[in-house]
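Participant: here is the input, now give the coordinates:
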Amino acid sequence: MSTRSIIAKENEDGTISAVYCHWDGYPSWNGKILIENYTTAARVDNLLKHGSISSLAEKCTKPKGHSFDSKVDGYTVYYGRDRGDEDCGPQTFENVQALDEADMWQEFEYLFRDFKWFFRETGGKWKVLTPKDCVD
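Facilitator: Purely as a prediction, here's the structure:
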């Protein structure tokens with residue numbers, strides 16, 4: 001069974017760019033990958049630009065031979081880029097409040113803002129994501 005999440009970034013103009021991620025959305029997996037590997041705005045932008053994610057990993061580039069059905073370990077799998085699905089690019093929300101109202105069937109939400117990762121269980125309060133939150 002999947003643990004779905006939203007991965008998002010607050011942009012300089014206050015809008016939010018966000019993608020759906022299907023697998024392993026809990027902090028001990030997706031949270032840990034985000035705070036260890038996606039620590040700058042540029043890295044987060046690169047992660048989000050390919051749209052909805054099947055499974056998050058340490059890298060978001062596409063190595064030779066990587067596809068939805070033939071995954072290369074350590075590389076993020078995207079629905080559009082790696083499987084050819086359409087209409088699964090990043091979504092833009094007017095602000096954090098609009099993101100709060102989003103329903104992508106998510107159980108966890110991650111937001112990169114002010115050079116930090118924040119997270120919450122859907123409907124809960126945002127808090128800074130720390131390594132302590134990322135332990136099983």
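Participant: if you count neighbours, what's buried in the biggest helix by length in the chain?
Facilitator: Criterion DSSP state H: the longest helix present in the chain is helix 41-48. For helix 41-48, a neighbour-count test (16 or more other Cβ atoms under 10 Å) marks V44, L47, L48 as buried. Glycine gets a C-beta too; all of them are placed from N, C-alpha and C.
Participant: a markdown table for the residues you listed, including distance to I16?
Facilitator: Shown next, in a markdown table, are the buried residues of helix 41-48 (distance: Cβ to Cβ, whole Å):
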| residue | distance to I16 |
| --- | --- |
| V44 | 12 |
| L47 | 14 |
| L48 | 10 |
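Participant: closest one to N30 out of these, please.
Facilitator: L47 (11.2 Å; Cβ to Cβ).
Participant: wait, that closest one sits on I7?
Facilitator: Yes - using Cβ atoms under 8 Å, L47 is in contact with I7, at 7.1 Å.
Participant: just the CA trace of stretch 90-110, in PDB.
Facilitator: C-alpha atoms of stretch 90-110 as PDB (Å, rounded to 0.1, in the frame of the first residue of the first chain):
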ATOM      1  CA  PRO A  90       3.900  20.400 -11.300                       C
ATOM      2  CA  GLN A  91       0.900  22.400 -10.000                       C
ATOM      3  CA  THR A  92       1.000  26.000  -9.000                       C
ATOM      4  CA  PHE A  93      -0.900  27.300  -6.000                       C
ATOM      5  CA  GLU A  94      -1.500  31.000  -5.200                       C
ATOM      6  CA  ASN A  95      -0.100  30.600  -1.700                       C
ATOM      7  CA  VAL A  96       0.400  28.200   1.200                       C
ATOM      8  CA  GLN A  97      -3.300  28.500   2.200                       C
ATOM      9  CA  ALA A  98      -4.300  27.300  -1.300                       C
ATOM     10  CA  LEU A  99      -1.900  24.400  -0.900                       C
ATOM     11  CA  ASP A 100      -3.500  23.700   2.400                       C
ATOM     12  CA  GLU A 101      -6.800  23.100   0.600                       C
ATOM     13  CA  ALA A 102      -5.300  20.900  -2.100                       C
ATOM     14  CA  ASP A 103      -6.500  17.300  -2.100                       C
ATOM     15  CA  MET A 104      -4.100  15.000  -3.900                       C
ATOM     16  CA  TRP A 105      -5.000  12.100  -1.600                       C
ATOM     17  CA  GLN A 106      -1.900  12.800   0.400                       C
ATOM     18  CA  GLU A 107      -1.100  11.600   3.800                       C
ATOM     19  CA  PHE A 108       2.000  13.800   4.300                       C
ATOM     20  CA  GLU A 109       3.000  17.200   2.900                       C
ATOM     21  CA  TYR A 110       6.500  18.600   2.500                       C
END
